[in-house]
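Asker: sequence first, then the predicted structure, then my questions.
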2 protein chains.
Amino acid sequence: MPDKKPYHHGDLREQLLQAGEAALSEMPIETVSLREIARRAGVSHAAPKHHFSTLGDLLGEIAARGFQKFVAALDDASHQTSLQTAEGRLMAMGWAYLRFAEANPAIYALMFGKIDRMTMTPNMVKHSMAAWSQLEDGVAAITGRNLAPNGALHVWSSVHGLSMLKAERRLPPHLMLHAAEENTLRMMIAGLKEL
Amino acid sequence: MPDKKPYHHGDLREQLLQAGEAALSEMPIETVSLREIARRAGVSHAAPKHHFSTLGDLLGEIAARGFQKFVAALDDASHQTSLQTAEGRLMAMGWAYLRFAEANPAIYALMFGKIDRMTMTPNMVKHSMAAWSQLEDGVAAITGRNLAPNGALHVWSSVHGLSMLKAERRLPPHLMLHAAEENTLRMMIAGLKEL
DNA sequence: CATCTTAACCTGACACTGTCAAGTAAATTT
DNA sequence: AAATTTACTTGACAGTGTCAGGTTAAGATG
């Protein structure tokens, strides 16, 4: 039952989130504004106020959803039945991480703080912590539980740094290749075993 | 001979850069505006136009100067006479990197693309490439020349990722410590030798 | 010295932003 | 049927980056 154009939108909160995600993926990130999102959702410029007290909150919720998808993607990657070793599973997570960042640059940027305008919503903090403990689990299978936090820090630093450098195009062209990524992931895991 | 308040400022370009740096270190980064910088330099809001065609250009030049100081800091650190091994020198560069990011969060953010409003000025590109080849030199002393690019990517990813995660406060508190940093740097170098 | 040119700055305007206050419409409750 | 509450709109405000055009003064030319 599709409502024609009722005064009460009924589903505006969800639509704003989707419009925001669409905007982030379609236009330069610095031009995404509250008003633009409202426009895309077909409501007046101040309508979002009722569902998100501020632009930062809206972006924060979008980032939270980003973390959910992110966790799901890494989970999928590490549970492929073909993977036999803990190292293989961690490697798969690393690849999934890099591919996620590549496929969703704007949302990834949001998730990891590139956008000053975002607020750290409770929801966003919650789901980002889920990502963290997911990573710790993957590392614990290699290093053991008590070394997992330090190991996870090492892993996250390496993969996060790599994908940031790529996304920001800070690398010389000859390093923008899969082979270079593979090398870095290998060194990362080699380092992990020296913990 | 201090000019009182001549119409022709004479030194406005330099003063704008300094005012911008001051603003970046004194106020939340998202509130730093062209007009604020002009205000601090004591000129009208459109005066900067003559020296920087856009806000992005001004920020780009500030980032370029940031890279200069950055290179100098890493150079100092790696040339301490007490350092005997190539690994020691690279480790010192890693520490210098982390301390620079900690001491100049806003400029560091600018340098590494956190601020959308910045333009990649030719000057900025030039000095950032200098930083890159400085790192490659440090790595080449360990891995040899031909492996240096891949090694440098690994090193930069790791250290950059770590300092970003710290700066963005994405780490659980127990990892915001020097010991955790030291661990990560050690693993990074251990991984490098497996290249 | 007088004049011309040009660089350096100022004033005012435009379209845009995020947010707030006040109004209106409709769904829900009483 | 009336009252209340929710969801949205309209209009305003202060702030932004940038542009056009005016103004001041310095330097060059005669």
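Answerer: Great, that's in hand. Numbering: from 1, shown residues only, chains lettered A, B, ... in the order given.

Asker: alpha carbons only for contacts and neighbour counts from here, please
Answerer: OK.

Asker: contacting residues for residue A:36?
Answerer: residue A:23 (CA atoms under 8 Å, 6 or more residues apart in numbering or on different chains).

Asker: so it, which state does it fall into?
Answerer: Following DSSP: H, G, I helix; E, B strand; the rest coil, we place residue A:36 in the helix state.

Asker: state the distance from it to residue B:165.
Answerer: Applying CA to CA, to the nearest Å, the value for residue A:36 to residue B:165 is 30 Å.

Asker: is there any residue in stretch A:82-99 that contacts chain B?
Answerer: No - for stretch A:82-99, no contact with chain B is found by CA under 8 Å from any CA of the partner chain; the gap never falls below 12.4 Å.

Asker: show me which residues of chain A sit near DNA strand C.
Answerer: Applying CA under 7 Å from any atom of the strand, one finds that chain A approaches DNA strand C through A:6-8, A:31-36, A:45-46, A:53-56.

Asker: which strands and helices sit next to the biggest helix by length in chain A?
Answerer: Longest helix of chain A, by residue count under DSSP state H: helix A:55-78. Helix A:55-78 sits against helix A:12-26, helix A:86-103, helix A:105-111, helix A:122-143, with contacts defined as 3 or more CA pairs under 8 Å, 6 or more residues apart in numbering or on different chains; DSSP states H and E.

Asker: can you tell me, leaving aside adjacent residues, what's nearest to the residue nearest to the spatial centre of chain A?
Answerer: Centroid-nearest residue in chain A: residue A:108, 4.1 Å away (criterion: CA atoms, centre = their mean). Leaving aside its chain neighbours, residue A:108 sits nearest to residue A:101 (5.5 Å; criterion: CA to CA, 6 or more residues apart in numbering or on different chains).

Asker: neighbours around the one you found, how many?
Answerer: Applying other CA atoms under 10 Å in any protein chain shown, we find 21 residues neighbouring residue A:101.

Asker: right, and it touches residue A:110 too?
Answerer: No - in this structure residue A:101 lies outside contact range of residue A:110 using CA atoms under 8 Å: 10.8 Å.

Asker: give the buried residues for stretch A:37-46.
Answerer: By 16 or more other CA atoms under 10 Å in any protein chain shown, the buried positions in stretch A:37-46 come out as A:37, A:38, A:40, A:41, A:42, A:43.
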